[in-house]
Structures are given as structure tokens and as C-alpha cells.
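> Need the 3D shape of this:
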Amino acid sequence: MSETLDRVLDVLPSFRGGLLITVELTVGGMALMFALAFVLGLLGGSPWRAVRAVSQTIVEVFRGTSLVVQLFWLFFVLPQLGYRLDPLFCGILALGLNYGAYGAEIVRGAIAAVPRAQREAAIAIGLSPAQRFRKVIFPQAWVQMIPPFSVLSIQLLKGSAMASAITLTDLTFQAKILRNATGNTALAYGVVLLLYFALALAIAGTMKLLEARAKHRLGLPTGLPSVLRLGGSRKAPAASGGAS
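Numbering: from 1, shown residues only. Okay, here's the model as predicted:
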């Protein structure tokens, strides 16, 4: 037991590097996921059929193929075509493209779900198209987007474990090292399980705060305890006509 503990203590500092790689993959992947989701989601709601077709094709390609295949294609196939990517960038790119395709449908669906009466009322009070989107449509759609984006972000975190297959020494890779050093599989993957769970809780908590902030701006109940409620009383102007 003492020998196993000594081995654990010897290897544990290396988890800092693995944790950093996992965080970089997750944060970078989420940033690309959100950017791609909004671009493709907005294009997917375009009034022009050709634009919608391009957006839908991109979404279906990345949503309909495996993340592992995309990761391997970027890391192993592109070099054969003369394009070699840094492993970390390759992991971020694969995660962002794959989960961004799923996120695009979240954005498109949430925007389409804003009541038509709200759009018509915004036109009636003389708002420009940009103002209608910024002040009426997006604030209401954003509230609906956050819960599914929270789930998708946690899925992305878990998907980042696949990056160990392209030489990245993330948490999953470090678990293999700890298992080999101690011979204790339960301990090695138990440590990693707790670290992933802590990261997932951090993502979920952050998204809950974003959701509360978005609801607060619309004057909706945030669901937060009074000690955590956000200050201020500013609200996004809700167009009259379909909702008071």
C-alpha cells in the first residue's frame, strides 16, 4: 500500500500538464463551437435557398461523421496532402467543427422559435432589421440556447479524451501512465473521473450563471438564490404585440 501511494504521489504532478491540455482543448473547442454554431445557424435561417443549402451541407457532413474519424483525418491524412497541423490545434479544430455542427441546429431552432408576433411588433415600432435581431429576437433566443449549449459543452469536454489518440498527453493519457506506474486501474481512472467531473461542474455552473443573466435581462425568474441574484434592473426591450 505504501509503495502504491508513493508511486501515485510521484506521478500526480504530471496530471497538471494533462489537466492543462484538457482545459485548452475544451476552451478552444468551445470557442470554435460557438463561433461556428452561430455562423451556420444564422445562415441556416437565411431567406436564400442557396445559402441555406451550403449551411445544411456543412452541418450534415460534420454531424453525420464520427469525431474520431474527423480527428484522425485531420492529424494523419492532411500531412499526406502537404498540411501538417499542431496536435493541440488539430484537437481543437476537430472538436469545434464536430460540436459546432450540432450547435448550429440549436441556434437555428432557437431563433425560429421566437414568436412571430414579436417580430411583427418590432417592425411596427420602427426597429431596423439589425435592431430587431439585437434587441428583440436574439435575447429571447439566447435564453433557449443556453441549456442545450451547456449539455453540448460537457459533451465536448468528454469528447476531448479522444485527443490522447493523436499524441496529446491529456488527462486520459495521464491515466494510462498512472495505471502503468501503480498497477492500480481503479485508482488511475478514479482520479481522472473526479477531475473530469470537476471540469463538468465548472462548465455547468458557468452556463447556469449565463442563463440567469439572460433571464434577468428579460425580466424572467432566474432560479438563483437571493444571495446570487444579479444586480440592476436593465431588461431587453420586449416588443409589444405578442407579449406584454
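> now the helices for this protein?
2-11, 14-44, 49-63, 67-72, 87-112, 116-124, 129-131, 138-159, 171-182, 185-217 (DSSP state H).
> Could I get the buried residue list for the fifth one?
Neighbour-count burial for helix 87-112, with 16 or more other CB atoms under 10 Å as criterion, is recorded at 88, 90-111. The way it works is simple: take the backbone N, C-alpha and C, and place the C-beta from them, glycine included.
> by contact count, what packs against it?
Secondary structure elements in contact with helix 87-112, counted by 3 or more CB pairs under 8 Å, 6 or more residues apart in numbering; DSSP states H and E, are helix 14-44, helix 49-63, helix 67-72, helix 138-159.
> if we can go back for a sec, from the helices of the chain, which stretch is densest packed?
The highest average neighbour count among the helices of the chain, using mean count of other CB atoms under 10 Å, belongs to helix 87-112 at a mean of 22.
> okay, the angle between it and helix 138-159?
Angular relation of helix 87-112 and helix 138-159 on a 0 to 180 degree scale: 150 degrees, by axes from the mean of the first three to the mean of the last three CA atoms, to 10 degrees.
> Check the offset of helix 87-112 from the chain's centre.
Centroid separation for helix 87-112 versus its chain: 7 Å, with CA atoms, centre = their mean, to the nearest Å.
> Let me know the average pLDDT across that helix.
Averaged over helix 87-112, pLDDT sits at 95.
> now that helix against helix 14-44, angle please.
Between the axis of helix 87-112 and that of helix 14-44 there is an angle of 40 degrees, by the same axes, to 10 degrees.
> on that earlier part again, same list (the helices and strands packed on helix 87-112) but as CSV, adding distance to R132.
Supplementary listing: those in CSV, determined by distance: least, CB to CB, whole Å:
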stretch, distance to R132
helix 14-44, 14
helix 49-63, 19
helix 67-72, 36
helix 138-159, 9
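> export these to CSV and tack on mean pLDDT?
CSV is the format used below for the helices and strands packed on helix 87-112 (pLDDT from 0 to 100):
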stretch, mean pLDDT
helix 14-44, 93
helix 49-63, 94
helix 67-72, 93
helix 138-159, 95
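> closest one to T172 among these?
Distances from T172 to each of the helices and strands packed on helix 87-112 were compared using CB to CB; the minimum, 7.9 Å, belongs to helix 14-44.
> In terms of secondary structure, what does that closest one contact?
Judged by 3+ CB pairs under 8 Å, 6+ apart, helix 14-44 is in contact with helix 49-63, helix 87-112, helix 138-159, helix 171-182, helix 185-217.
> Ok, which of those comes nearest G18?
Taking CB to CB as the criterion, G18 comes closest to helix 171-182 out of these, the separation being 3.6 Å.
> Quick check: which helices or strands does that closest one pack against?
Helices and strands touching helix 171-182, as assessed by 3+ CB pairs under 8 Å, 6+ apart, comprise helix 2-11, helix 14-44, helix 185-217.
> Find the nearest non-adjacent residue to I106, please.
Here the nearest residue to I106 in space, its sequence neighbours aside, is P148; by CB to CB, 6 or more residues apart in numbering that works out to 4.8 Å.
> Brilliant, that's me finished.
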